[in-house]
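Engineer: Sequence below, structure please.
(2 chains)
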Protein chains: 2
Amino acid sequence: EIVLEIERLLAEAPEADAHYLLPDTSRTINAPDLSHSNLFGRHVLVTAGPTHEPIDPVRYIANRSSGKQGFAIAAAAARAGAKVTLVAGPVALPTPPGVTRIDVETAREMFAAVEDALPADVAIMVAAVADWRAADEAPQKLKKDGTGLPHPLALAENPDILATLGASNRRPGLLIGFAAETEKVVEHATAKRAKKNADWIVANDVSGNVMGGERNTIHLVTATGVESWPDMPKADVAARLIERIADELAGG
Amino acid sequence: EIVLEIERLLAEAPEADAHYLLPDTSRTINAPDLSHSNLFGRHVLVTAGPTHEPIDPVRYIANRSSGKQGFAIAAAAARAGAKVTLVAGPVALPTPPGVTRIDVETAREMFAAVEDALPADVAIMVAAVADWRAADEAPQKLKKDGTGLPHPLALAENPDILATLGASNRRPGLLIGFAAETEKVVEHATAKRAKKNADWIVANDVSGNVMGGERNTIHLVTATGVESWPDMPKADVAARLIERIADELAGG
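Structural biologist: Numbering: from 1, shown residues only, chains lettered A, B, ... in the order given. Here you go, the predicted structure:
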């Protein structure tokens, strides 16, 4: 993992730095022929990461999400030949090769970036979007001395990006949502699929150590039922999901 | 910066990895003689980073703080020969050499870790501790369907670590607080110094790009007045502050 991290940094390094560190960085890259992939040239829109909802200039409400699963899916889609737009909340992850990344902070910014990125053949909404934001964002830091934060904190509901796409006349042909649950995982995901007019819901149980970790155990809820996948690395979840999408686009 | 980052990774790499990347990693280290430093052997307690206050298993309230300034201060204190305890909120930073690090998430955990670390000769409270937490942490993810998050969100006040230390019979001999302000910076800091019974307050204006950045512009508020330092890298703020502390301990 350290070697991979160093290779990533070398890839980002100005040429002079890279040469200083490793004089011989020549490589042969054999690009695979992707023109027969069912995803070749398709526009795949992915959201990833959390959103941060400001309370004042120094405080915010956030969701626990490392962005790793969404970034892995964007990377896998690009490897399969898709044109990938990745709308990313605040995370510390490098942009996968071949992916167009748009950084946002709040749910409302993510919503606007998703709308700007349409039309898309496939949309995979992986981001852990905050359901609520502070009803009033304070322009100055709130103080404890009585002039400050109202007790309790008034909240407003954020736009529901998945449901809006599901009801849109620009709805992507294949619309996939994610559901992070801590209980009744499949039950909640099945209800979410119907309510949001999504084609698939990828549900996972986040009551353990999934968030920030490298592995994931998911249930794929479709019109025909529920597939429960074994625990596997997030990169493998991504590759398998992209395979399933390619099959679906082929009418499979 | 990339070169420094790679050197850091190499320093952390298992020996085999390091040799694979750079066969010749031999170095000569000339450790300075610190036994005459005024900080030599003194216990310096530093807090750094934000705290995260859970609302439910996936949501939390946070402060914007990268932890960089606090980690730089801990590193500078260790270089000056002090025994350093660093109580760190959730940040993605490596532990400075020679520093004992205790990771915490919430303000209450930080408070407990600080109390456990006493006594200290010097305490430098750099962390951006959340003033408020959710009054009730939900055991399951809150839903939007009416069974969920109360509107509005009830908040409870967190313990005030600096004020508690200031009033404690185990008060460190030199107690230093930080004040991140967006307006009336020196005025708020001067009031905070008196109210918390701190010796010094290091105040900075965070209305710009300080948080997460590499530079800082601070005002040092003491019993005798206010020193306004020029804008400089956070590492330089740290070095200069540690010098000032060493002078103070010498009766300076």
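
Engineer: quick one, strands of chain A?
Structural biologist: A:43-48, A:52-54, A:59-63, A:83-88, A:99-103, A:122-125, A:132-134, A:155-157, A:174-181, A:200-205, A:215-216, A:218-222, A:225-228, A:232-233 (DSSP state E).

Engineer: got JSON lines for those, with mean pLDDT, distance to chain B and mean neighbour count too?
Structural biologist: Heads up, the C-betas are built off the backbone N, CA and C, glycines and all. Formatted as JSON lines, the strands of chain A follow (pLDDT from 0 to 100; distance: least, Cβ to the nearest Cβ, whole Å; neighbours: other Cβ atoms under 10 Å in any protein chain shown):
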{"stretch": "strand A:43-48", "mean pLDDT": "98", "distance to chain B": "15", "mean neighbour count": "28"}
{"stretch": "strand A:52-54", "mean pLDDT": "96", "distance to chain B": "8", "mean neighbour count": "21"}
{"stretch": "strand A:59-63", "mean pLDDT": "94", "distance to chain B": "5", "mean neighbour count": "23"}
{"stretch": "strand A:83-88", "mean pLDDT": "98", "distance to chain B": "16", "mean neighbour count": "25"}
{"stretch": "strand A:99-103", "mean pLDDT": "98", "distance to chain B": "13", "mean neighbour count": "17"}
{"stretch": "strand A:122-125", "mean pLDDT": "98", "distance to chain B": "16", "mean neighbour count": "27"}
{"stretch": "strand A:132-134", "mean pLDDT": "92", "distance to chain B": "6", "mean neighbour count": "22"}
{"stretch": "strand A:155-157", "mean pLDDT": "90", "distance to chain B": "6", "mean neighbour count": "15"}
{"stretch": "strand A:174-181", "mean pLDDT": "94", "distance to chain B": "6", "mean neighbour count": "24"}
{"stretch": "strand A:200-205", "mean pLDDT": "94", "distance to chain B": "10", "mean neighbour count": "23"}
{"stretch": "strand A:215-216", "mean pLDDT": "92", "distance to chain B": "15", "mean neighbour count": "19"}
{"stretch": "strand A:218-222", "mean pLDDT": "96", "distance to chain B": "16", "mean neighbour count": "21"}
{"stretch": "strand A:225-228", "mean pLDDT": "95", "distance to chain B": "20", "mean neighbour count": "12"}
{"stretch": "strand A:232-233", "mean pLDDT": "96", "distance to chain B": "20", "mean neighbour count": "14"}
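
Engineer: okay, those strands in JSON lines with distance to residue B:118 next?
Structural biologist: Converted to JSON lines, these look like this (distance: least, Cβ to Cβ, whole Å):
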{"stretch": "strand A:43-48", "distance to residue B:118": "42"}
{"stretch": "strand A:52-54", "distance to residue B:118": "34"}
{"stretch": "strand A:59-63", "distance to residue B:118": "28"}
{"stretch": "strand A:83-88", "distance to residue B:118": "42"}
{"stretch": "strand A:99-103", "distance to residue B:118": "42"}
{"stretch": "strand A:122-125", "distance to residue B:118": "48"}
{"stretch": "strand A:132-134", "distance to residue B:118": "36"}
{"stretch": "strand A:155-157", "distance to residue B:118": "38"}
{"stretch": "strand A:174-181", "distance to residue B:118": "40"}
{"stretch": "strand A:200-205", "distance to residue B:118": "41"}
{"stretch": "strand A:215-216", "distance to residue B:118": "40"}
{"stretch": "strand A:218-222", "distance to residue B:118": "46"}
{"stretch": "strand A:225-228", "distance to residue B:118": "51"}
{"stretch": "strand A:232-233", "distance to residue B:118": "43"}
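
Engineer: near chain B, which residues of the stretch 101-250 of chain A show up?
Structural biologist: A:128, A:130-132, A:135, A:140-141, A:143-144, A:149-155, A:157, A:180-183, A:188, A:206-207, A:211 (Cβ under 8 Å from any Cβ of the partner chain).
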